[in-house]
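sequence plus predicted model, see below.
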Amino acid sequence: MEQNPIMVNDSVLLPIRAVAESMGAEVTWTEGVRKIGNVVGIQKDSRYIGFCVEDTGYNENYNPYHMMIRDGDQEGRFVKLYAPVTLYNGYTMVPIRAVTERSVQMLHGTESAEQLIF
């Protein structure tokens, strides 16, 4: 990893691009998505995870304290994060719990979005 993990308010945050790409996922950065702002997307096969990087006040789910998980054509589900997604030194940093508890399951296909317990 080019960027080391950081500690923010008792939560460890990891650079999501390095983690996702090491699992074979494609990572995208999209600026100015409609009313929700900048979004980091992680795609592997039919599975998608999206993180909002800023809070525009548009919707209670579209903010740095939530991630959206979608599998195929299913409607996306929102998962509350324990710490916000943060930009640090040009890297999108995501709470390690989001990466380990949700992302790994989705990207490796061990559980679908419907099977995840929120």
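Happy to help now that I have it.

the residue most central in space within the chain: what's it in contact with?
Nearest to the geometric centre of the chain sits residue 51, at 4.0 Å (Cα atoms, centre = their mean). Shown in contact with residue 51 (Cβ atoms under 8 Å, 6 or more residues apart in numbering): 16, 39-42, 64, 67-68, 85, 92, 94. In this view, the C-beta of every residue, glycine as well, is placed from N, C-alpha and C.

for residue 76, same thing?
48, 50, 68-70, 113.

pLDDT value on residue 104, please?
In this model, residue 104 is scored at 58, pLDDT.

could we number from 210 for the rest of this?
OK, 210 is where the count begins now, so the last one is residue 313.

could you pull out the strands for the protein?
Remark: strands assigned in the chain by DSSP state E are 215-217, 220-224, 235-242, 246-253, 256-261, 275-280, 286-289, 295-297, 300-304.

among the contacts of residue 285, who's most crowded?
Greatest neighbour count in the contacts of residue 285, by other Cβ atoms under 10 Å, goes to residue 278: 25 neighbours.

if we can go back for a sec, got JSON lines for the contacts of residue 260, with pLDDT and distance to residue 242 too?
Below are the contacts of residue 260 laid out as JSON lines (pLDDT from 0 to 100; distance: Cβ to Cβ, whole Å):
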{"residue": "225", "pLDDT": "89", "distance to residue 242": "17"}
{"residue": "248", "pLDDT": "85", "distance to residue 242": "5"}
{"residue": "249", "pLDDT": "88", "distance to residue 242": "10"}
{"residue": "250", "pLDDT": "90", "distance to residue 242": "9"}
{"residue": "251", "pLDDT": "90", "distance to residue 242": "15"}
{"residue": "273", "pLDDT": "87", "distance to residue 242": "14"}
{"residue": "276", "pLDDT": "86", "distance to residue 242": "14"}
{"residue": "277", "pLDDT": "86", "distance to residue 242": "11"}
{"residue": "294", "pLDDT": "91", "distance to residue 242": "14"}
{"residue": "301", "pLDDT": "91", "distance to residue 242": "14"}
{"residue": "303", "pLDDT": "91", "distance to residue 242": "17"}
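
flag every buried residue along whichever helix in the chain runs longest.
Criterion DSSP state H: the longest helix present in the chain is helix 225-231. Buried residues in helix 225-231, counting neighbours by 16 or more other Cβ atoms under 10 Å, are found at 225-226, 228-229.
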